[in-house]
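> Please work out how this folds:
(one chain, ligands or ions: 2)
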Amino acid sequence: MRRVGVEALTASAVALALIVGGSALVEAGASGTGSDGVGDPFFAQAGNGGYDVQHYDLTMSWDPGRARLDATAVIDVLATQDLDQLDLDLRGFNVTSVVVAGNAARFSRLGQELVIKPARRVLSRQAFTIKVVYSGTPGPVIDPDGSSEGWMPTSNGIVALGEPQGSPAWFPSNDHPTDKATFELTMTVPNNLVVVSNGLPDPPNRQSQRTTYRWHEDDPMATYLATVSIGNLTMSTTKTRSGLPVISAVTPSLANASAPSIARIPEMVDWLSTLYGVYPFDSIGAIVVDAPDVGYELETQSRPTFTTAPDDSLMVHELAHQWVGNSVSLTSWPEIWLNEGFAGYTEWLWSEHDKGRTADALFHDAYDNTPADDPFWKTPPLGLPDASELFSDVVYTRGAMTLHALRLRVGDAAFFKILRTWTTDNRNGNVTTAQFIALAERVSGLKLNDFFKSWLDTSSKPSL
Ligand code: TRP
Ligand code: ZN
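Ligands and ions are numbered 1, 2, ... in the order given. Next up, the predicted model:
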C-alpha cells in the first residue's frame, strides 16, 4: 500500500469496481501494460508498475524431506492504471495457475518476472485479487555483493530472508519497499518443527502428522522484511512495560549465548521509544537460528532474525530498524544510509546510554583514525556505484558519523527533535534524503545543504 492517497482511494475503488464490473468498454488510451520494474537505480526489475498491493495472504506447506514448498498466494491489489498485463516478481518454482479477479489468466515467466495477462482488462482504481498457485524447491538468491538471501538452510531447518531482493524466492510479490502491505502466512509443517514469522501468531492447529501455524503482520510491511523460520525452535513470550508482546524463537544450540541480549529487548524497546516515539508495530521479539554462513542479521519486521547469537549492540541495531527502515521506509535502494546510518548511530547512542563509550568518543574513534587519504572517504553514502556496495562500511559508519556531525552542528535539543519528528511524521511511510535535509533545516533553522553534501555526497573527508 502506498501511503499517499491510497486509504482515501480504497472505498471509491471498490465502488467503481462494482459499477464497471470489468467491462472492457473504457478505453485506456495509452498502453495497458504494467511496467516490469519501479525504476530503482540498483534493481531495474524490482517491483512492478500499474498496481499497489494491499495485502498478501500466503498459504504454504513445507516438506523438509523432499525440500518442497506447495503454496497459494492470494494478493489483494488496487490498480493504478488500466491493465491488460501486469507482473509479479517470483524466482523459480512451477506455477500451476494464476487467477485474476476470479478469472483464469494466461501467464509466462521471464527472469524474475511472472508476466500475467488477465482474461479481462483491469481498470484503473479497480480493487481485485491475484491468486497464484505454485510449488517447487525454493533456493537462495545470490546478491551483487556475493551474499545469499532468499530461502536458506539452517542447522535444523530453513530461514527465509529478503533484503534486498530475496522475497520472490518464496512468494510472488511487488518486491520493492515503495509498495508496503499487510501480510498473513499460514504454514503447515511436520509435527516436529516450529514455524515463526512476522507479527502475531494464532494458536497452532495440530493434526496427527502435521501442524499448521498462522502468523499475521497487520501493519504495512515492505516485502523484503517478510520472513519465516522453520526448525527446532524454542518459543518464549513476555511483555514490555507498556504491554507490547515480546515473542522470540531460538534454536537450542544458541539459547545460552543469546539469552542476555534477548532478556534486554523490553528495556531496549522502551529506551528506543524515548528516542523515536511509540513503537510502530503490534509485537516484537527475536528469531535466532544457527546459520553462520549467511553472514548478516536482518531487521525482519517486528521480529528481527539473527543467524548467530546476537550481542546487545546487534540487538539494539535490529530493534532500531523497526522505526528507521521498517516503519519509515526507503523510496529507493541507493539511499540505504537512511536505514543503516540511523541504526548504526543508534548503536552509538545505546553504548552511551548503557554506560559504555559515548557516541562522541565512538564518532572520534572513526573520524580521527581515518586519515583524509584513506580510501574510506572516496565513496560517500550517496555515491555507491552499484548494489554490490549496499552494505559497505561507509553506509553504516559514514552514515552514523553524518548523524553525529549533525548533532554537533545543531545541538542536542534540535538533533533529538529531528530524530523523533522523522520517525513520527513518516510512520508507515517512504522517505528520501532530501526530506531528511528539509526536516533538519526546518527544526534547526539552519541552512544545511552544504553540510549534508560534504557528508553524504562528496569524495573526500568532511571537515568538522
Ligand atoms: N540490513 C541488515 C542489517 O544491517 C544487513 C544486511 C541485509 C546485509 N542483507 C544483507 C548485509 C546482505 C550484507 C549482505 O541489519
Ligand atoms: Zn542494519
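> Tell me how far stretch 149-169 lies from the chain's centre.
13 Å (C-alpha atoms, centre = their mean, to the nearest Å).
> What residues of stretch 128-140 count as buried?
The neighbour-count check on stretch 128-140 (16 or more other C-beta atoms under 10 Å) flags 128-135, 138-140 as buried. To be clear about C-beta, it is placed using only N, CA and C from the backbone, and glycine gets the same treatment.
> Between the residues you listed, which sits nearest ligand 2?
The shortest approach to ligand 2 among those belongs to P140, at 20.0 Å (C-beta to the ion).
> In contact with that closest one, which residues?
Taking C-beta atoms under 8 Å, 6 or more residues apart in numbering, we find P140 in contact with 148-152, 166, 169.
> does stretch 160-173 come close to ligand 1?
Yes. With C-beta under 6 Å from any ligand atom as the measure, stretch 160-173 is seen reaching ligand 1 through E163.
> how many neighbours does the residue of the stretch 351-464 of the chain found nearest ligand 1 have?
When scored by C-beta to the nearest ligand atom, the stretch 351-464 of the chain has F391 as its residue closest to ligand 1, at 3.6 Å. Other residues near F391 come to 18 when the count uses other C-beta atoms under 10 Å.
> re the thing from before, got CSV for the buried residues of stretch 128-140, with distance to ligand 2 too?
CSV is the format used below for these (distance: C-beta to the ion, whole Å):
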residue, distance to ligand 2
F128, 36
T129, 34
I130, 32
K131, 34
V132, 31
V133, 35
Y134, 31
S135, 33
P138, 24
G139, 24
P140, 20
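> what about this structure, any weak spots by pLDDT?
Within the chain, the stretches with pLDDT under 70 are 1-30.
> D52 touches Q81, doesn't it?
No. With contact defined as C-beta atoms under 8 Å, D52 and Q81 do not form a contacting pair (10.5 Å).
> Tell me how far the residue lying closest to R420 once chain neighbours are set aside lies from K417.
Closest residue to R420 apart from its sequence neighbours, by C-beta to C-beta, 6 or more residues apart in numbering: G277 at 5.6 Å. Look at G277 and K417: by C-beta to C-beta, to the nearest Å, they are 11 Å apart.
> So which residues of the stretch 201-350 of the chain form helices?
255-263, 265-276, 312-320, 337-353 (DSSP state H, counting those that start in this stretch).
> any chance of those helices in a markdown table, plus mean neighbour count and distance to I158?
Converted to a markdown table, those look like this (neighbours: other C-beta atoms under 10 Å; distance: least, C-beta to C-beta, whole Å):
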| stretch | mean neighbour count | distance to I158 |
| --- | --- | --- |
| helix 255-263 | 16 | 19 |
| helix 265-276 | 18 | 24 |
| helix 312-320 | 22 | 20 |
| helix 337-353 | 23 | 25 |
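> Ligand 2 is nearest to which of those?
helix 337-353 (4.2 Å).
> which is the next helix or strand following the closest one?
Counting by DSSP states H and E, the element after helix 337-353 in chain order, helix or strand, is helix 359-368.
> on that earlier part again, and of the contacts of P140, the nearest to G65?
W151 (15.8 Å; C-beta to C-beta).
> The closest one sits in which helix or strand?
strand 148-154.
> Quick one: list the elements packing against that strand.
On a contact count with 3 or more C-beta pairs under 8 Å, 6 or more residues apart in numbering; DSSP states H and E, strand 148-154 meets strand 140-142, strand 157-161.
> In TSV, list those along with distance to K461.
TSV is the format used below for the helices and strands packed on strand 148-154 (distance: least, C-beta to C-beta, whole Å):
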stretch	distance to K461
strand 140-142	34
strand 157-161	34
